[in-house]
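**Student:** Dropping the sequence and predicted coords here.
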Amino acid sequence: MANSILKRGLLAVALAALMAPHCAAKPRHSSWSIAAGGDLLGDALVSNDSRTNDVWDIVRGADFGFFNMEGQILSYENFTGYPASENGGDNNYGDIGGGPFYDPINAYRMAQNGFNLASHANNHAWDYGQAGFRATYEYLNDAGIAVAGNGDTLKKARQAVFQKHNTRRIALVAAAGTHTPESVAGSGGGSRKDRPRPGVGALRATAVTREIPEGTNDITLYTGQIPMAWSYWRLSETPGLDWDINPDDYAGIVASVKEAKTSADATVFSLHAHESDSGVDDSYNPLPLAATVPASYTRNISHAVIDAGADIVLIHGPHHLRGIEIYKGRPIFYSLSSLTYSLGLHFRGVDLPIEWDDSIIALANFENGNLSRVALHPIVHSQLTNDTSDPQSQLPKLAPKLEAQRILKHLRKVSKPFGTKIKIDNNVGYIELGY
């Protein structure tokens with residue numbers, strides 16, 4: 001009898017341990033750092049340029065390095081997939097489908113440059129369908145880079161991935177506000193017991209045009225990048241756009257962040273979102289100030305995930321730098337622009353604003369669970385020569401003094417509406433945290 005009671009007691013203890021993994025996985029290390037860049041829009045070439053290698057040294061000096069994988073990593077000669085029926089860019093230009101892809105060597109070079117976290121939730125994630133996303137995922141993982149935001153099911157696309165470095169375990173949750181319709185992952189099930197659909201973890205946000213009352217003669221309708229899309233209208237005293245978020249996407253993303261927080265020392269949330277709040281495009285030259293204002297839905301979800309436990313929010317997609325907000329002691333970067341950039345300033349016959357060539361490496365430090373420092377290192381690409389025939393032009397370079405000052409002053413301007421102050425010291429920006 002005594003042995004039986006003892007066995008039952010041991011079994012109860014074992015079951016309790018199995019049923020409460022989150023309690024056993026509370027964060028232990030609250031000091032860490034992350035270096036964040038934007039979109040990979042060009043090959044990560046080996047370089048002898050000290051300005052480029054200085055950028056990589058900043059990333060290597062952090063515990064974690066993040067970038068957005070804009071496109072695919074695959075060996076096209078051996079690729080058995082095919083271009084999707086739509087790409088994440090302009091389907092009215094050239095052949096429909098396809099998009100940017102990079103040789104597998106890029107995965108290993110990015111790892112050598114210090115990157116160990118990546119988002120693959122964006123408008124180009126499905127340019128080569130499921131086969132392209134799987135190849136990208138496998139190459140990045142093989143290089144030691146944890147990839148979030150894409151999966152064979154909606155559950156997998158939404159769930160966090162984890163990366164460990166120097167005993168610190170970080171969770172990354174990624175979502176795409178800007179995406180192609182066919183790339184949206186699905187949960188399956190229902191009355192028909194459908195199979196889950198592979199794709200990105202989407203945050204669907206519908207642009208609703210606010211119409212002012214009678215007497216208006218001209219209303220501009222914004223429908224996004226999709227030429228044949230439903231239009232939504234709402235009566236209002238002021239014209240403009242509202243952004244209605246899909247409630248299931250919103251709740252699912254917040255739940256993923258909450259769950260990730262229980263199993264990691266810190267949590268990073270990444271969002272790909274091109275949209276400006278008024279629908280103004282950022283390809284006009286000079287860059288319209290309205291194009292730098294993020295769509296309201298991006299601010300809503302950023303605040304929500306921080307409330308749910310995220311320590312930092314990294315947004316990418318716009319080809320320019322947007323403002324930075326400190327919300328409840330946690331940083332939100334509303335656009336990190338491009339990490340590598342191969343388009344130059346004259347693309348498809350269009351003169352692009354110089355801001356498309358600008359970017360930063362954002363270095364955030366946390367001590368004892370609190371944000372202790374944010375350093376903004378300005379970078380440029382081809383603008384110094386505007387010679388895109390040189391492959392090295394697509395690589396990031398620490399900006400010289402004049403360009404660095406211009407970039408940081410731009411960041412000051414677009415961050416001011418969020419109450420963020422940036423101090424400039426020796427061509428580096430530092431956010432004044434006020435504590």
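**Tutor:** Thanks, I have it. Numbers count the residues shown, from 1 in each chain.

**Student:** shouldn't Glu275 be in contact with Thr292?
**Tutor:** No: using CB atoms under 8 Å as the test, Glu275 is too far from Thr292 to be in contact (12.0 Å). Using the backbone N, CA and C atoms, a C-beta is placed for each residue, glycine as well.

**Student:** Where does the record place the domain boundaries for this structure?
**Tutor:** Using automatic domain parsing, the domain parsing of the chain gives 28-176+246-272+295-343+352-431, 205-245.

**Student:** mind putting the ones you listed in a markdown table, distance to Pro196 included?
**Tutor:** Listed next are those as a markdown table, based on distance: least, CB to CB, whole Å:
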| stretch | distance to Pro196 |
| --- | --- |
| domain 28-176+246-272+295-343+352-431 | 4 |
| domain 205-245 | 22 |
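
**Student:** Check those for me and report the most buried one.
**Tutor:** domain 28-176+246-272+295-343+352-431 (a mean of 21; mean count of other CB atoms under 10 Å).

**Student:** Rounded mean pLDDT for it, please.
**Tutor:** The average pLDDT within domain 28-176+246-272+295-343+352-431 is 96.

**Student:** quick one: that domain to chain centroid distance?
**Tutor:** Distance of domain 28-176+246-272+295-343+352-431 from its chain centroid, counting by CA atoms, centre = their mean, to the nearest Å, is 5 Å.

**Student:** follow-up on the earlier one: out of the domains of the chain, nearest to Ser191?
**Tutor:** domain 28-176+246-272+295-343+352-431 (17.3 Å; CB to CB).

**Student:** Tell me where the stretch 101-250 of the chain has helices.
**Tutor:** For the stretch 101-250 of the chain, applying DSSP state H, counting those that start in this stretch gives helices covering 105-112, 129-142, 154-158, 247-261.

**Student:** Any idea which of those gets closest to Pro83?
**Tutor:** For Pro83, the closest of those is helix 129-142, at 7.8 Å, according to CB to CB.

**Student:** which secondary structure elements does the closest one contact?
**Tutor:** For helix 129-142, the elements it packs on are strand 72-73, helix 105-112, strand 146-148, judged by 3 or more CB pairs under 8 Å, 6 or more residues apart in numbering; DSSP states H and E.

**Student:** give the contact list for Ser302.
**Tutor:** Going by CB atoms under 8 Å, 6 or more residues apart in numbering, Ser302 touches Phe269, Leu271, Val313, Ile315, Glu325, Tyr327, Ile332, Tyr334.

**Student:** Looking at those residues, which one is closest to Asn150?
**Tutor:** Leu271 (13.8 Å).

**Student:** Can you verify that closest one is assigned to a strand?
**Tutor:** Yes: Leu271 forms part of a strand when assessed by DSSP: H, G, I helix; E, B strand; the rest coil.

**Student:** Arg192 - how many residues pack around it?
**Tutor:** 7 (other CB atoms under 10 Å).

**Student:** For it, give me the pLDDT.
**Tutor:** 89.

**Student:** Check Leu235 too.
**Tutor:** The model's pLDDT for Leu235 equals 75.

**Student:** just checking, it touches Glu211?
**Tutor:** Yes: the pair Leu235 and Glu211 passes the contact test of CB under 8 Å, sitting 5.8 Å apart.

**Student:** before we move on, the earlier item: closest to Ser382 out of the helices of the stretch 101-250 of the chain?
**Tutor:** helix 105-112 (18.5 Å).

**Student:** Give me the helices and strands touching that closest one, please.
**Tutor:** Short answer (3+ CB pairs under 8 Å, 6+ apart): helix 105-112 packs on helix 129-142.

**Student:** tell me the angle of the helix it packs on relative to helix 105-112?
**Tutor:** 40 degrees (axes from the mean of the first three to the mean of the last three CA atoms, to 10 degrees).

**Student:** Pull helix 129-142 out as PDB, backbone CA atoms only.
**Tutor:** Extracted in PDB, the C-alpha atoms of helix 129-142 (Å, rounded to 0.1, in the frame of the first residue of the first chain):
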ATOM      1  CA  GLY A 129       4.900  29.700 -53.700                       C
ATOM      2  CA  GLN A 130       5.300  27.100 -51.000                       C
ATOM      3  CA  ALA A 131       8.400  25.600 -52.600                       C
ATOM      4  CA  GLY A 132      10.200  29.000 -52.500                       C
ATOM      5  CA  PHE A 133       9.200  29.700 -48.900                       C
ATOM      6  CA  ARG A 134      10.400  26.200 -47.800                       C
ATOM      7  CA  ALA A 135      13.700  26.500 -49.600                       C
ATOM      8  CA  THR A 136      14.200  29.900 -47.900                       C
ATOM      9  CA  TYR A 137      13.300  28.500 -44.500                       C
ATOM     10  CA  GLU A 138      15.600  25.600 -44.800                       C
ATOM     11  CA  TYR A 139      18.700  27.500 -46.000                       C
ATOM     12  CA  LEU A 140      18.300  30.200 -43.300                       C
ATOM     13  CA  ASN A 141      17.800  27.600 -40.600                       C
ATOM     14  CA  ASP A 142      20.800  25.600 -41.800                       C
END
